[in-house]
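>>> Any chance you can model this:
(chains A and B)
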2 protein chains.
Amino acid sequence: MDIQELRTRNPDHWMRATAIRALALDGVAAANSGHTGMPIGMADVATVLFSKHLKFDAKNPEWHDRDRFILSAGHGSMLIYSLLYLCGDPEVTLDEIKNFRQWGAKTAGHPENFLLKAVETTTGPLGQGIANSVGFAMAEEMLRARFGKKLVNHHTYVIMGDGCLMEGVSQEAIGLAGRYELGNLIAFWDNNDITIDGKVSLSDRTDQVARFKASGWHVQEIDGHDAGEIDAAITAAKADGRPSMIACKTHIALGHAAQDTSKGHGALTNQEQNDAAKAGWGWTSGAFEVPAEIKTWWEDAGSRGSVEREAWNARLTEASAARQAEFERVMTGEPPKRLSAVVKALKKQISEDKPKVATRKSSEMALSVINPIMPETCGGSADLTGSNNTLTADMGVFDVENRKGRYVYWGIREHGMSSAMNGMSLHGGVRPYSGTFMAFTDYARPAMRLAALMRTPTVFVMTHDSIGLGEDGPTHQPVEHLAISRATPNTLVFRPADTVETAEAWEIAFRQTGTPSVLSLTRQGLPTVRTEHKNANLVEKGAYVLAEAEGKRQAIIMATGSEVEIALAARDLLQAEGIGTRVVSMPCWELFEQQDEAYRRRVLPPAGPVRVAVEAANRMGWDRWLCGERGSAKKSAFVGMDGFGASAPAETLYEKFGITAANVAEQVKALL
Amino acid sequence: MDIQELRTRNPDHWMRATAIRALALDGVAAANSGHTGMPIGMADVATVLFSKHLKFDAKNPEWHDRDRFILSAGHGSMLIYSLLYLCGDPEVTLDEIKNFRQWGAKTAGHPENFLLKAVETTTGPLGQGIANSVGFAMAEEMLRARFGKKLVNHHTYVIMGDGCLMEGVSQEAIGLAGRYELGNLIAFWDNNDITIDGKVSLSDRTDQVARFKASGWHVQEIDGHDAGEIDAAITAAKADGRPSMIACKTHIALGHAAQDTSKGHGALTNQEQNDAAKAGWGWTSGAFEVPAEIKTWWEDAGSRGSVEREAWNARLTEASAARQAEFERVMTGEPPKRLSAVVKALKKQISEDKPKVATRKSSEMALSVINPIMPETCGGSADLTGSNNTLTADMGVFDVENRKGRYVYWGIREHGMSSAMNGMSLHGGVRPYSGTFMAFTDYARPAMRLAALMRTPTVFVMTHDSIGLGEDGPTHQPVEHLAISRATPNTLVFRPADTVETAEAWEIAFRQTGTPSVLSLTRQGLPTVRTEHKNANLVEKGAYVLAEAEGKRQAIIMATGSEVEIALAARDLLQAEGIGTRVVSMPCWELFEQQDEAYRRRVLPPAGPVRVAVEAANRMGWDRWLCGERGSAKKSAFVGMDGFGASAPAETLYEKFGITAANVAEQVKALL
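So this is what the prediction gives:
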């Protein structure tokens, strides 16, 4: 690449873009860690995008109608930090740039949405950004359909690397974007031919242009260092009704000794080489210094959106007060005031009717009263609509012709679905929930973890939550997946025992603004165990005494979900023999942990009765409750799974694996 | 579809294929569960494949040079069971067909490789079969290069459904197959336009033919009910040097009332409709009955490979005894006798040299002595070769021009890589191990679980196993991933503390024939803690006393991996204050659980000293060891993570999160 030619072809553009390059080089060198090459390679694209197209106001990064910018190739984080600093984002000071990757800095190794307002989503695990962006673009379509384009009318821009495109989730994302014709989604591919191990061709020779076209995308191929081509391509992409992919031929670490090599991908810390690169770029300023006129130009670029933002504010105030309030409510994620009332009404009715239904059906019953009063919910399923019971009446189906539709047919794409749901949550205005079989938590894991890390209130509806699924066999029967979700920080894992607990769980899930929820629901029918109506949401306590011991309390049986029925039956057997037995329902461990110690000790007294836990999953994590907190001694036992399941009818499996009332009662008696 | 025309066009073929249809219909109806439509739709393809092309001998399903047949659309399991019964597989009796999906039957809901010899791989979780098949085909190439085509020369055939193609892992698989020009891989797409939720177009409009072509595949489009077209397409696919995809236009539940509808996907149990379907097919036999001449024809098809098998046996006996023995050894997965000796020699040297290295480097040191004596190993990385340290000298790189290469550049495809490694293990003859960052366990999860369920000894090398990764931050720092792998049945999770333990872990991993291993390895340097050489493999015990208390034993500190160093330093602090402290290294919980009770009690005595565990991960699972088995009371504490990590240098993070010797010592003193 002839740097001289680039410098002279468009000298103003060159120096503005090179401000990004120099900051990236300095930031990574100071941290002695990070990724220099990508910010250098994509500086031209970013400069044109941020100065001519991206609708944003750097001083007001939370303006609702801003364009969204997502750095799917999150390791190139110095690109976004440099841009934000240059544009005058008040959070990204020069000190933050200098403290890149240090303790307490907002400029973390990868862009973290919870550290900087202008970072829309946390990226780094490859492919997540492009999959998130599908959700961003869908949320925008849904909100525009609901609130009109005067209030909602923006684009979602993404920068993807080769890694994003090799990860399978990218295929799920581009398939979805193509199917739903998300015309406001524009993705740049940093086509630099380099991965960590070497040339891309070492491991992949896919024709990416053909691949995107195969899924219905508008595709352009440009020189990623030519400002004019970049500008024209973005203009054309905005004009096209399809999602757009712009393949940008770039040079990683442009103008550096490491240019076009895998060395250029990582941290460029050789002072001499870095100095030579700067000299070649024509950059004469000192480390972390940006000439005033360039900084001013960038700040003008960063504030250029303020006019549009003010015009938007004016349009918002033209709307009725109710409409403004509703818009603000859904954008901040506050649930409607009536949520609690409709849940209470359902609980009351259920406690009277005492239906025997699967909790996946209970979930549908809860959603059937909640969805009508929460127009921001967006349901869906990874091709298991009839099994996950996530579709309720009058939601409408989201489609090209029906952007008001609130149900998404995600196809067999658990990962893309979950990642897109995160994007919807992060965009705001939409409350996504969607389902698959619980065993396929595995497919959704990368997105489920990121939901927790990013503090998004995405709801994962995981039905067929045990061997109770029956004949489909061990591939479809979760045994470790409750432990997996419970092991994940900042995640509420609900395993409700009946319709009342399920409704309470949904209420809590929809009240979250910074925590995702997992609902673990059965395929098989369960009796109503909460037959006495209480206004209070007992699931909120995490665990509670469902049935007290009669006579002297000799045993406590702990259970969740479908095994609460078994615990109650075991209690009947034991009480018949005069053994006073308490049953504790534990629908949400995380909430129980948050209760004060006095409450926890009331539910699980540290001394006295023996303890047996029953859950049709494996033991991992249960010792905490079996032993008692602080290691108070307990004679205890666990009834559950200690390996994979099998293919047979559900009742047979419960019997064969010993998850029965008789066995629970036996275990209690053996301990006494 | 005009069934009459199909019946008359090729009546012999029609009735043979319809034997599959009828058995599938009867099997599912009897089980009142399962998937009828796919076996009916793909019966023609399967009939031509099994009777004219597939090289197999139904009575000898483990013949090493058989063609491999993989039903990626595993829910259509009655297709494979019907074929095996018809062909005379001794394991699949008519009773097995009648007991489809029942307790104890080999004919489980989805095909399970551990129940039937002829089932090459467990499928059901969609996309796994096609990704496995990449590994099968790679293993075949590698073995042919090593042993010659007289001994190894077969194809891998796969049937994929629309679900397989929507799952992202399929993109990783087709990218790999295209890149490595796996010409012996032939995949059929059951292009029936139907998923559970409705038409495929409801959620996807991807041009699959264009997509496969974009990755370098040979693609044909045929009528999946035309025997002649099927036959010609398979012939052409075999002749082409590229991997082949044959798009078979089919009708799900052909000839049934549910044809071409999503109802046809599941269990067709309406007796009247089923009878009508059979009548339309011209099938007049009773339930589970197959006319003798059709059964005979199928048995001839099933035994037709016996001639080739005998010729192959003859060729094998022509080889030298050493070569025969080596071929049998690698196919059965037995490690070479010298494995133990080279590991011992390395351990001795390390105990003397006492290097301070990261365990990822220790792993490379172990592999550097093992790989030369185990020519069946196949290493790799998901584009992190230099970070995972999985490449050793003289392995060679697997490529189109070098099928003898033993290292695979998998690209940024953790899921496809892991699933393909499972395929290699299942094929036999190759021992795959490969690396990524431990946090990306999430991406590999579906395949890691299946490795455990399928009992394949795949080795997952997970480096950068804690906050010790440093500046890349929380997206790249595992905190729950040890718990995730430990929660998975039939999985050995190793977290070695130094080079000696790492070498011992590798020896154990390579001795497995039915259990996968996870190696959790550090980025950061660790001192050698096993400074006294022992011939015995101590990791084999799972946990052991690394440093005994001096004086009265008041405390036990348990630790794994990088925190063993911290535990030893804490012990120094405590001993200096006269507090006798034992340090227990626990590199593999699962192996410790397998020890007899006497040993476990020797290492962790049930009464007496307080216990503190230290691990730079979260607490999930540790209560089991903190409380003591059987709930024996322990005053105990855990030092580790209770949330996500952060971006900063590793030493800072350990300090800020309190994972330090000083804190461990404090915790011990607080308990005393």
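>>> Would you mind listing the outside residues contacting stretch A:391-407?
A:138, A:141-142, A:144-146, A:180-181, A:364, A:367-368, A:371-372, A:375, A:377-381, A:385, A:390, A:408-409 (C-beta atoms under 8 Å, 6 or more residues apart in numbering or on different chains). Every residue, glycine included, has its C-beta placed from N, CA and C.
>>> Excluding covalently adjacent residues, which one is nearest to the residue of chain A found nearest chain B?
Minimum separation of chain A from chain B (C-beta to the nearest C-beta) falls at A:Gly168, amounting to 2.6 Å. If the residues on either side of it in the chain are set aside, A:Gly168 comes closest to B:Gly168, at 2.6 Å by C-beta to C-beta, 6 or more residues apart in numbering or on different chains.
>>> Check the offset of the helix or strand hosting A:Ala637 from the chain's centre.
A:Ala637 is located in strand A:636-639, with elements delineated by DSSP states H and E. Between the mean C-alpha location of strand A:636-639 and the chain-wide mean there is a distance of 35 Å, by C-alpha atoms, centre = their mean, to the nearest Å.
>>> In terms of secondary structure, what does that strand contact?
Under the contact criterion of 3 or more C-beta pairs under 8 Å, 6 or more residues apart in numbering or on different chains; DSSP states H and E, the helices and strands touching strand A:636-639 comprise strand A:610-614, helix A:623-627, helix A:661-671.
>>> my read: A:Phe50 touches A:Leu83, true?
Yes: taking C-beta atoms under 8 Å as the contact criterion, A:Phe50 and A:Leu83 are neighbours in contact, 5.6 Å apart.
>>> on that earlier part again, out of the contacts of stretch A:391-407, which are close to chain B?
Applying C-beta under 8 Å from any C-beta of the partner chain to these, one finds that A:Ser381, A:Thr385, A:Tyr409 fall near chain B.
>>> near chain B, which residues of the stretch 401-550 of chain A?
If contact is defined as C-beta under 8 Å from any C-beta, the residues of the stretch 401-550 of chain A in contact with chain B are A:409-413, A:415-416, A:439-440, A:442-443, A:445-446, A:449-450, A:452-453, A:470-476, A:479-480, A:483-484, A:486-490.
>>> which residues in the stretch 301-450 of chain A form strands?
Using DSSP state E, counting those that start in this stretch, the strands of the stretch 301-450 of chain A run over A:357-358, A:377-381, A:407-409, A:431-437.
>>> which one of those is the most hemmed in?
Using mean count of other C-beta atoms under 10 Å in any protein chain shown, the stretch among the strands of the stretch 301-450 of chain A with the greatest mean number of neighbours is strand A:431-437 (a mean of 27).
>>> Now the helix-or-strand element of chain A with minimal mean pLDDT - C-alpha only, PDB.
Taking mean pLDDT, DSSP states H and E as the measure, helix A:623-627 is the helix or strand of chain A with the lowest mean score, a mean of 91. The C-alpha atoms that make up helix A:623-627 are tabulated as PDB, following Å, rounded to 0.1, in the frame of the first residue of the first chain:
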ATOM      1  CA  ASP A 623     -24.500 -28.900  48.900                       C
ATOM      2  CA  ARG A 624     -24.800 -25.200  49.800                       C
ATOM      3  CA  TRP A 625     -28.400 -25.800  51.000                       C
ATOM      4  CA  LEU A 626     -27.900 -29.400  52.200                       C
ATOM      5  CA  CYS A 627     -25.000 -28.500  54.400                       C
END
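>>> how about CSV for the ones next to chain B among the contacts of stretch A:391-407, with distance to A:Pro39 added?
As requested, these are arranged in CSV below (distance: C-beta to C-beta, whole Å):
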residue, distance to A:Pro39
A:Ser381, 39
A:Thr385, 43
A:Tyr409, 38
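>>> now those as CSV including pLDDT?
Conversion of these to CSV gives the following (pLDDT from 0 to 100):
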residue, pLDDT
A:Ser381, 98
A:Thr385, 98
A:Tyr409, 98
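>>> Show the secondary-structure elements that the helix or strand containing A:Ala483 is packed against.
Using DSSP H and E, A:Ala483 maps to helix A:481-487. Counting contacts by 3+ C-beta pairs under 8 Å, 6+ apart, helix A:481-487 packs against helix A:441-454, strand A:492-494, strand A:517-520, helix B:481-487.
>>> what residues does that helix touch?
Contacts for helix A:481-487 (C-beta under 8 Å, 6+ apart): A:438-439, A:441-442, A:445, A:448, A:462, A:465, A:491, A:493, A:495, A:518, A:520, A:560, A:589-590, A:615, A:617-618, A:620-621, B:480, B:483-484, B:487, B:618, B:620-621.
>>> Give me the mean pLDDT for it.
Per-region confidence: helix A:481-487 scores 98 on mean pLDDT.
>>> Also stretch A:97-110?
Stretch A:97-110 carries an average pLDDT of 98.
>>> Pull out the buried positions in that stretch.
Of the residues in stretch A:97-110, those scored as buried under the neighbour-count criterion (16 or more other C-beta atoms under 10 Å in any protein chain shown) are A:Ile97, A:Lys98, A:Asn99, A:Phe100, A:Arg101, A:Gln102, A:Ala105, A:Lys106, A:Thr107, A:Ala108, A:Gly109, A:His110.
>>> Pick out the most distant pair among these.
Based on C-beta to C-beta, the longest span within these runs between A:Lys98 and A:His110 and measures 18.1 Å.
>>> Show me how the record splits chain A into domains.
Domain assignment for chain A by the TED database gives A:3-310, A:338-527, A:542-671.
>>> Need the winner for burial among those domains.
For the domains of chain A, average neighbour numbers computed from mean count of other C-beta under 10 Å are highest in domain A:338-527, which has a mean of 24.
>>> any low-confidence regions in the stretch 551-672 of chain A?
Counting by pLDDT under 70, the stretch 551-672 of chain A shows low-confidence ranges at A:629-634.
>>> In JSON lines, list the strands of the stretch 301-450 of chain A along with distance to A:Asp26.
Conversion of these to JSON lines gives the following (distance: least, C-beta to C-beta, whole Å):
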{"stretch": "strand A:357-358", "distance to A:Asp26": "59"}
{"stretch": "strand A:377-381", "distance to A:Asp26": "43"}
{"stretch": "strand A:407-409", "distance to A:Asp26": "44"}
{"stretch": "strand A:431-437", "distance to A:Asp26": "40"}
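>>> sorry, back to before: of the ones next to chain B among the contacts of stretch A:391-407, closest to B:Ala509?
Nearest to B:Ala509 among these: A:Ser381, at 38.7 Å, using C-beta to C-beta.
>>> partner residues bridging the closest one?
For A:Ser381, the beta-bridge partners are A:Tyr409, A:Gly435 (DSSP bridges).
>>> how about it, what does it touch?
Residues touching A:Ser381, when contacts are defined by C-beta under 8 Å, 6+ apart, comprise A:Ser387, A:Asn388, A:Thr390, A:Leu391, A:Tyr409, A:Trp410, A:Ser434, A:Gly435, A:Thr436, A:Val461, B:Asp197.
>>> can you pull up the bridge partners for A:Ser585?
For A:Ser585, the beta-bridge partners under DSSP bridges are A:Tyr544, A:Ala559.
>>> That one reaches A:Gly542, doesn't it?
No: taking contacts as C-beta under 8 Å, A:Ser585 lies outside contact range of A:Gly542: 9.8 Å.
>>> just to revisit the earlier point, centre of the chain to whichever helix or strand comes after the strand holding A:Ala637, how far?
Along the chain past strand A:636-639, the next helix or strand (assigned with DSSP H and E) turns out to be helix A:650-656. The chain centroid and the centroid of helix A:650-656 are separated by 35 Å under C-alpha atoms, centre = their mean.
>>> what does helix A:650-656 rub up against?
Among residues not part of helix A:650-656, those counted as contacts by C-beta under 8 Å, 6+ apart are A:467-470, A:523-524, A:566, A:616, A:645-646, A:648, A:660, B:102-103.
>>> Those: which two are farthest apart?
If you compare every pair in the contacts of helix A:650-656 using C-beta to C-beta, the most distant one turns out to be A:Ile566 and B:Gln102, at 22.9 Å.
>>> ok, the residue nearest to A:Thr261 when sequence neighbours are not counted - contacts?
The shortest distance from A:Thr261 to any residue that is not its chain neighbour, by C-beta to C-beta, 6+ apart, is 6.9 Å, and that residue is A:Ile194. Under the criterion of C-beta under 8 Å, 6+ apart, the contact partners of A:Ile194 comprise A:Gly37, A:Asp162, A:Val200, A:Ile252, A:Asp260, A:Thr261, A:Ser262, A:Gly264, A:His265.
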